[in-house]
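Novice: okay, here's the prediction I keep looking at, along with the sequence it came from:
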Amino acid sequence: MAGTAVAFSFREVMQQRAQENALRLDADQTQLVAALDALAAPRLAGGARFAGLYVWGRPGRGKSFIVDNFFASLPLAAKKRAHFHDFFRELHQRMMHQPLEAALRALLGDARLLCFDEFHLHDPGDAMLAKKLLEVALSMNITLILTSNYSPRELLAHPLYHELFVPSIALIEREMTIFALNGERDYRLMAGSDAGLFSQGAWLRPGTPAQRDACGLPGACGEFAVAAGYHTFYAVSPPGEILHFTFAGLCEAPTAVMDYLTLCESYSCWFIDAVPLLANVNPAAQQRFINLIDVLYDKQRQVFFSSAYGVTDIIHGVELDDIGRTASRLSQLPVIQIPVTG
């Protein structure tokens, strides 16, 4: 039964947020704010049928900034925000004890709103789970908001697998309103914007002892076992307030997203040492680095990197689809270049 509507204006919320961050929203962003505002009223009244928004665009165009503010400000208790990696980790854990649909329904609980960040599909297994998620959300009458760097028709783009997801793409295009945010401005790089979550870390180039000392970072001094669930990895300085890995030790080793998520539960400050030119390592290591940045960014961890190269240099020549998102996030880091003789 429909309830009493709650007074709420997302337009006013975003006007205030834009003023606080000295931002001027472009026409596409303003239309998205209006669509979210229109979506809120029936959801708050309790009488809405399934509704959805699919928001896509290049990294840093304000997708998560707007949707996260909508999620945080909407006066609805039955809401859930999910990040791609977190959601599927928990789903896999539940599927050890339940069938897929039952696991999804248990994971969604009583949520009437699901904001799902970084909806990107490259693996056919993940795509089949995402297909079921869409179907279950529709059947449960959940308002679904997806953000992505890809248009619906670019999901699971691999030609060997794309046809598997075509029915789900049709569902997205039929049942959800699609917004493209592809303006020229990268909001993560703007002064005053709080869209960046790496601002407390730094990019050390080339990672001299003076630079490390200035940031309170250790030097590599051995191998120290670090447990992540059932797996053991090796840091290069004693793990304590700072978790210190080399790029090779973390990304060229057989690590996975679940390992990064587990380690994030225990360590809030990370130092990734000796980041190479990514074009010189294999695609598996490149993808691990992309996934690592996704997890650390979403978990709002403080992260330091050392490298002989700049961010633009390390990503040059990498052909993986998600590297643009990684570059945008890393570019938020202040660059520390203390003279060697400091």
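Specialist: Looks like it came in fine.
Novice: contacts only, for the closest residue to residue 309 other than its chain neighbours.
Specialist: Spatial nearest neighbour of residue 309, chain neighbours left out: residue 277 (6.1 Å); criterion: CB to CB, 6 or more residues apart in numbering. In short, each C-beta sits where N, CA and C put it, glycine included. Contact analysis of residue 277 by CB atoms under 8 Å, 6 or more residues apart in numbering lists 309, 313-314, 316-317.
Novice: redo these as JSON lines? Include distance to residue 156 and pLDDT.
Specialist: Converted to JSON lines, the contacts of residue 277 look like this (distance: CB to CB, whole Å; pLDDT from 0 to 100):
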{"residue": "309", "distance to residue 156": "32", "pLDDT": "96"}
{"residue": "313", "distance to residue 156": "31", "pLDDT": "96"}
{"residue": "314", "distance to residue 156": "27", "pLDDT": "97"}
{"residue": "316", "distance to residue 156": "27", "pLDDT": "95"}
{"residue": "317", "distance to residue 156": "25", "pLDDT": "95"}
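Novice: ok, back up a step: if I look at the residue nearest to residue 309, how far off is residue 314?
Specialist: Using CB to CB, to the nearest Å, one gets 6 Å for the distance from residue 277 to residue 314.
Novice: and if you look at residue 180?
Specialist: Separation of residue 180 from residue 314 (CB to CB) stands at 29 Å.
Novice: if you count surrounding residues, which of those two has more?
Specialist: Relative neighbour count places residue 314 above the other of residue 180 and residue 314, with 25 against 15, counting by other CB atoms under 10 Å.
Novice: and the more buried one, what helix or strand is that in?
Specialist: In this assignment (DSSP states H and E), residue 314 forms part of helix 311-315.
Novice: buried ones in that helix?
Specialist: Along helix 311-315, the positions that meet the burial threshold by neighbour count (16 or more other CB atoms under 10 Å) are 311, 313-315.
Novice: closest one to residue 105 out of those, please.
Specialist: Distances from the buried residues of helix 311-315 to residue 105 were compared by CB to CB; the smallest belongs to residue 315, at 39.9 Å.
Novice: the closest one and residue 325 touch, don't they?
Specialist: No: between residue 315 and residue 325 there is no contact under CB atoms under 8 Å: 10.7 Å.
Novice: would you list every one of the helices in the protein?
Specialist: Assigned helices in the chain, in chain order: 10-20, 27-45, 63-73, 84-95, 100-108, 124-139, 162-175, 209-215, 247-251, 257-264, 283-298, 311-315, 323-330 (criterion: DSSP state H).
Novice: residue 228: which of the ones you listed is closest?
Specialist: With CB to CB as the criterion, residue 228 lies closest to helix 257-264 of the helices of the chain, at 4.2 Å.
Novice: which helices and strands does the closest one pack with?
Specialist: helix 84-95, strand 224-228, helix 283-298 (3 or more CB pairs under 8 Å, 6 or more residues apart in numbering; DSSP states H and E).
Novice: list the contacts of that helix.
Specialist: Outside helix 257-264, the residues that touch it by CB under 8 Å, 6+ apart are 85-86, 89, 226, 228-229, 231, 233, 243, 291-292, 295-296, 299, 301.
Novice: with just CA atoms, put it into PDB.
Specialist: Taking C-alpha atoms only, helix 257-264 is exported to PDB below (Å, rounded to 0.1, in the frame of the first residue of the first chain):
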ATOM      1  CA  VAL A 257      40.100  -9.200  -6.000                       C
ATOM      2  CA  MET A 258      38.900 -11.200  -2.900                       C
ATOM      3  CA  ASP A 259      42.500 -11.000  -1.500                       C
ATOM      4  CA  TYR A 260      42.500  -7.200  -1.900                       C
ATOM      5  CA  LEU A 261      39.100  -6.900  -0.200                       C
ATOM      6  CA  THR A 262      40.200  -9.100   2.700                       C
ATOM      7  CA  LEU A 263      43.400  -7.100   3.200                       C
ATOM      8  CA  CYS A 264      41.500  -3.900   3.100                       C
END
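Novice: mind listing what's buried along it?
Specialist: Buried residues in helix 257-264, counting neighbours by 16+ other CB under 10 Å, are found at 257-264.
Novice: how about stretch 35-43?
Specialist: Under the neighbour-count criterion of 16+ other CB under 10 Å, stretch 35-43 has 35-37, 39-41, 43 buried.
Novice: neighbours of residue 67, how many?
Specialist: 21.
Novice: my read: it touches residue 113, true?
Specialist: No: under the criterion of CB under 8 Å, residue 67 makes no contact with residue 113, lying 10.8 Å away.
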